[in-house]
Each structure stands twice: as C-alpha cells, then as structure tokens.
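Peer 1: Give me a 3D structure for the following:
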Amino acid sequence: IIMIAVDKKLIPKLEFDKVIVLNPSAYDIDSNYLEAFLIEKAQEAGMKLAAQPESLKIPKNIYQACSKAAAEFLPSLEAFGFKFAKKKAFSAKAQHRWKKAISDIEFHIKHEGTSGTVIWQKSTEMRLLAGAKILPDDAAPKRADGTFGLAAKFTFALREENKDKFDPKTWTTTEDIILRSVNEVGHFLYFAGTNSWLEMFDDEGRSIHELTVVN
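Peer 2: Down below sits the predicted model:
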C-alpha cells in the first residue's frame, strides 16, 4: 500500500511495510507542491496510491525546483523499494515460454496489500507457496450496477477450488496451491486488474516477464 501525504495526521491506521518522512523545507519548496509532484511521478511509474488529494497545478518554476530536488532524494528512496521510474511497456501480444532453467526460481509478488511467492515449476503449473496474503472477497471489484464482473467471478471459482488451502479469517494461504498460469495467480491473489507478468520478481530483481518473454 502506498500513500503520499503532507500531513502525517492524514495517514490512516493501516499496516504499512515502510514509512518514509521527507522534509521539504530543506529544498525551500512548499510541501503541497512537492506532494503533488511526487503523486504525479508515482502515477507515471504505475503505482497505485492508497489515497490522494485533489489535483494541484504546479507553476513551471516550482515544477523545475521539485524536479531538481527529486533528482537528489529519489535515488535514495529506491533503496527502500520505491522506484519512480516509468514501467517499461511491452506489447500486449508478448509471448512467454516456460523453460527448465527457471523451474526452481522463486518469484515474489507484492501488490495492493497482497504478497506471495510463486515457482513456475512446469509449463502449466505455478506453485503459490503457503503463507501468501490474498485480498478478501469483499474487496472484489464490481460493475457500476453493483454486480460482480468476470474477473471477480473467475477469482471466486479459483478460491472455491482451493477453499481448504487458505484461512478466510486472515486471508492467508495455509498450504501450497497449484495454479495453471501467471494470469490465475494474479486473479487468485488480487482479482487481476494489472499485468501480473510485471509484478513477479526474483531475488535479483528480474521480472518473470524479463526471464521468459519470447523475443
């Protein structure tokens, strides 16, 4: 979960992995403008924010000052896992191929409060290791009319198949679960909604897309 806020009192009582406090006075920049600048950069990088204020137009000279300041402190934030670089896009037609060389690599996922580790052990087998955190059923996305869409229904079906392997009180898996694809892993954990090939990374920071895409 990521939230960018000027006033620490605005931060809700949620469980965060990391909390970083920046002091904009060191750069002689109004904190509201720096906040708006960082929100813009986070969104450009594909981050989903827990909350954000109303849009604020940043004057050109202040935008340049924010950009200069960010060039100094953003590299430090990357050490804590906050990468504001834009995600590399790739064709929706990209194809991926399983190979034995990756069959024992653990890929880690952290997305919208969920987390887990998967191993692509066979061409049609993705092993989600026990201890994964999944989004609760009541967080399932709905259509404008309040009904569940295809993504939610597919997720519910996957969870029904594996209902004995996770705890519905803590929404934590209690056993390893075999799913058939990266797509199924994304649905099972967080109802899809993002490109899961870009959400799974090994211990060296390489995405599963990077290691398996067919050039």
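Peer 1: I figured residue 118 was touching residue 125, is that so?
Peer 2: No. Applying Cβ atoms under 8 Å as the test, residue 118 and residue 125 come out as separate, 10.2 Å apart. Placement of C-beta: from N, CA and C, glycine included.
Peer 1: So those two - more neighbours on which side?
Peer 2: Shown here are residue 118 and residue 125; by other Cβ atoms under 10 Å, residue 118 has more neighbours (24 against 14).
Peer 1: Now for that one: which residues touch it?
Peer 2: 106, 107, 109, 126, 127, 128, 129, 185, 200 (Cβ atoms under 8 Å, 6 or more residues apart in numbering).
Peer 1: still on that earlier bit, quick one: common contacting residues for residue 118 and residue 125?
Peer 2: Residues within reach of residue 118 and of residue 125 at once, by Cβ under 8 Å, 6+ apart: there are none.
Peer 1: Name the helix or strand for residue 117, please.
Peer 2: In the assignment (DSSP states H and E), residue 117 maps to strand 114-122.
Peer 1: So, low pLDDT: which residues of the chain?
Peer 2: By pLDDT under 70, the weakly predicted segments of the chain are 1-21, 23-24, 46-54, 76-93.
Peer 1: Would you mind splitting it into its domains for me?
Peer 2: 8-78, 100-212 (automatic domain parsing).
Peer 1: Pick the most deeply packed of those.
Peer 2: domain 100-212 (a mean of 16; mean count of other Cβ atoms under 10 Å).
Peer 1: ok, back up a step: return the subset of the contacts of residue 118 lying in strands.
Peer 2: 106, 107, 109, 126, 127, 128, 200 (DSSP state E).
Peer 1: center of the chain, which residue is that?
Peer 2: residue 111 (3.0 Å; Cα atoms, centre = their mean).
Peer 1: thought that residue was touching residue 190?
Peer 2: Yes. Applying Cβ under 8 Å as the test, residue 111 and residue 190 come out as touching, 5.5 Å apart.
Peer 1: just to revisit the earlier point, off-centre distance for the strand holding residue 117?
Peer 2: 15 Å (Cα atoms, centre = their mean, to the nearest Å).
Peer 1: What's the separation between the closest residue to residue 186 other than its chain neighbours and residue 115?
Peer 2: In space, and not counting its chain neighbours, residue 186 is closest to residue 196: 3.4 Å by Cβ to Cβ, 6 or more residues apart in numbering. Taking Cβ to Cβ, to the nearest Å as the measure, residue 196 falls 13 Å from residue 115.
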